[in-house]
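Trainee: Pasting the sequence and the predicted coordinates here, then a few questions.
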Amino acid sequence: EAQHAPPAVTLRRLVSLAGQAFKPTIPIQIGLGVDTVTLGGADVQNVRGDLSTAAGGWTLDRFEFRAPGFTDVRLSGRLEFENSGAVFRGPAEIKAVNPNALAAWLEGRKNAPKTPPRSLRVRGDVTLSNEKIAIEQLAANFDRGAVSGRFIYTFGSGQAGGSIDASLSAPELDLDAANAFVKAVSAGSTMERPSKVSLALDIGRASFAGYEAGKTVAQLQYGDNGLDIEQLTVDNFGGANIDAKGRIALAPSPHGDLTLDLD
């Protein structure tokens, strides 16, 4: 093709073309060792791992490789074949020196944004399928921040857009730095923006716009009906304690009701 397809698209095509070859009727064990694999127009290096057949799919053991962005990936688990397609479930760890380059490769973009690389480390119990990307027992470290919890991104289908369901906690978090990091990594992204977001936050100490805050707890829902603030509690934000809840509709123009306690 004139343009390299994103890695996920290429892998889905391989699974589709191979058909029943991925569902053998006899037990198989494979030890894999490949120095370089070309995928998505880039080199994936030092592919190592053990594969064996299991009921409904394959078991991956000690599977590891180096991806673009000086990214080391380690995973194990099960690759199963369901009616909706291939599904991987298992623990995984990703350490990327340049997550900008990794994100560009995964999406099939030619060039990564020219921003200073900031390292990223993520580990957790991962589910990857045509329908969603889910990380349970998430532990992520990035740009002086550490976050734990769970994160689920469900792809859109038909008229329905994608959605995010996340529950995150951090002992200390610089929200400005976190926002800048996400923008830098996702710059130029073609990934569909979610139409629904469910977010729960529990931060021990937060900083935002030059101010520091103590304990911060939030329960937020965003969707077609607007923004629902089930709980927003911030202690000692610039010397004030804030407790808010309410609903804000965004169409045809922003309006709603908000209950606010300010001390």
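Mentor: On my side now, so go ahead. Bear in mind that the values here come from a model prediction, so they are computed numbers and not experimental data.
Trainee: which residues touch V73?
Mentor: Applying Cβ atoms under 8 Å, 6 or more residues apart in numbering to V73 gives the contacts E64, F65, R66, A67, A92, E93, I94. C-betas here are computed from N, CA, C, even on glycine.
Trainee: my read is N111 is in a strand, agree?
Mentor: No - N111 is assigned coil when assessed by DSSP: H, G, I helix; E, B strand; the rest coil, not a strand.
Trainee: Could you tell me how many residues sit around it?
Mentor: By the measure other Cβ atoms under 10 Å, the count of residues near N111 is 9.
Trainee: Could you tell me the per-residue confidence at G246?
Mentor: We have a pLDDT of 96 for G246.
Trainee: Same question for the one 3 residues further on.
Mentor: At A249 the predicted local distance difference test score is 93.
Trainee: Name the nearest residue to it, ignoring sequence neighbours.
Mentor: Spatial nearest neighbour of A249, chain neighbours left out: G226 (4.0 Å); criterion: Cβ to Cβ, 6 or more residues apart in numbering.
Trainee: so the one you found bridges to which residues?
Mentor: G223 (DSSP bridges).
Trainee: contacts for the helix or strand in which G256 is found?
Mentor: Element membership for G256 (DSSP states H and E) is strand 255-262. Residues outside strand 255-262 that contact it (Cβ under 8 Å, 6+ apart) are 226-227, 229, 240-249.
Trainee: that older thread, pretty sure the residue nearest to A249 contacts G246?
Mentor: No - counting by Cβ atoms under 8 Å, G226 does not reach G246; the two are 10.4 Å apart.
Trainee: could the contacts of V73 go into TSV alongside neighbour count and pLDDT?
Mentor: Listed next are the contacts of V73 as TSV, based on neighbours: other Cβ atoms under 10 Å; pLDDT from 0 to 100:
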residue	neighbour count	pLDDT
E64	14	97
F65	19	97
R66	15	97
A67	22	95
A92	19	97
E93	15	97
I94	20	96
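Trainee: Can I get those in a markdown table including secondary structure and distance to D257?
Mentor: Shown next, in a markdown table, are the contacts of V73 (DSSP: H, G, I helix; E, B strand; the rest coil; distance: Cβ to Cβ, whole Å):
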| residue | secondary structure | distance to D257 |
| --- | --- | --- |
| E64 | strand | 53 |
| F65 | strand | 52 |
| R66 | strand | 53 |
| A67 | strand | 48 |
| A92 | strand | 43 |
| E93 | strand | 45 |
| I94 | strand | 43 |
